[in-house]
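>>> My questions are about this predicted structure, shown below with the sequence.
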Amino acid sequence: MKYIIRILFMIILGLIGYGYYLKQTVGNEGDKWVGLGVLISALVLMPIFLWHRYKNKKLEDYMFKFDNKKDEKTENQ
């Protein structure tokens, strides 16, 4: 999976770089390539990356838990 993420990241960098190259040489033609690279990174790469990083972890360990019992003890003393 990490190889797929790396290849997809390189493709996205290539699209953005190609878009900036076209923007410098042709004009507004490069805007759609930059936009396509950003769109793929937001809608494809980010969810795949997050799923890969957190697939075997307990998310309860990373959540903030507010314990009301602890507050009640401190107020009574």
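That came through fine. Residues are numbered from 1 along each chain as shown.
>>> quick one, phi psi at the most centrally placed residue in the chain?
Centroid-nearest residue in the chain, with CA atoms, centre = their mean: M46, separated by 3.3 Å. Dihedral pair for M46: phi -60, psi -50, per degrees, to the nearest 10.
>>> cool, and Q24?
According to degrees, to the nearest 10, Q24 has phi -80, psi -30.
>>> Count the residues that sit near it.
9 (other CB atoms under 10 Å). Bear in mind the C-beta positions are built from the backbone N, C-alpha and C, glycine included.
>>> dump the residue contacts of it.
G30 (CB atoms under 8 Å, 6 or more residues apart in numbering).
>>> Could you report the separation of it from Y18?
Distance, Q24 to Y18, using CB to CB, to the nearest Å: 11 Å.
>>> Please list all residues in contact with E29.
22-23.
>>> Let's see that with 7 Å instead.
By CB atoms under 7 Å, 6 or more residues apart in numbering, the residues touching E29 are L22.
>>> Could you tell me how far the host helix or strand of R53 lies from the centre of the chain?
If you go by DSSP states H and E, R53 is part of helix 46-54. Here helix 46-54 is found 8 Å from its chain centre; the criterion is CA atoms, centre = their mean, to the nearest Å.
>>> helices or strands up against it?
Taking 3 or more CB pairs under 7 Å, 6 or more residues apart in numbering; DSSP states H and E as contact, the helices and strands that helix 46-54 lies on are helix 2-25.
>>> Mind listing what's buried along the helix holding R53?
Using 16 or more other CB atoms under 10 Å as the test for burial, helix 46-54 gives F49.
>>> Quick check: which ranges of the chain have low pLDDT?
67-77 (pLDDT under 70).
>>> what do you get if the cut-off is 50, keeping everything else the same?
Within the chain, not a single segment meets pLDDT under 50.
>>> quick one, phi psi at G27?
The phi/psi pair for G27 (degrees, to the nearest 10) reads phi 140, psi -120.
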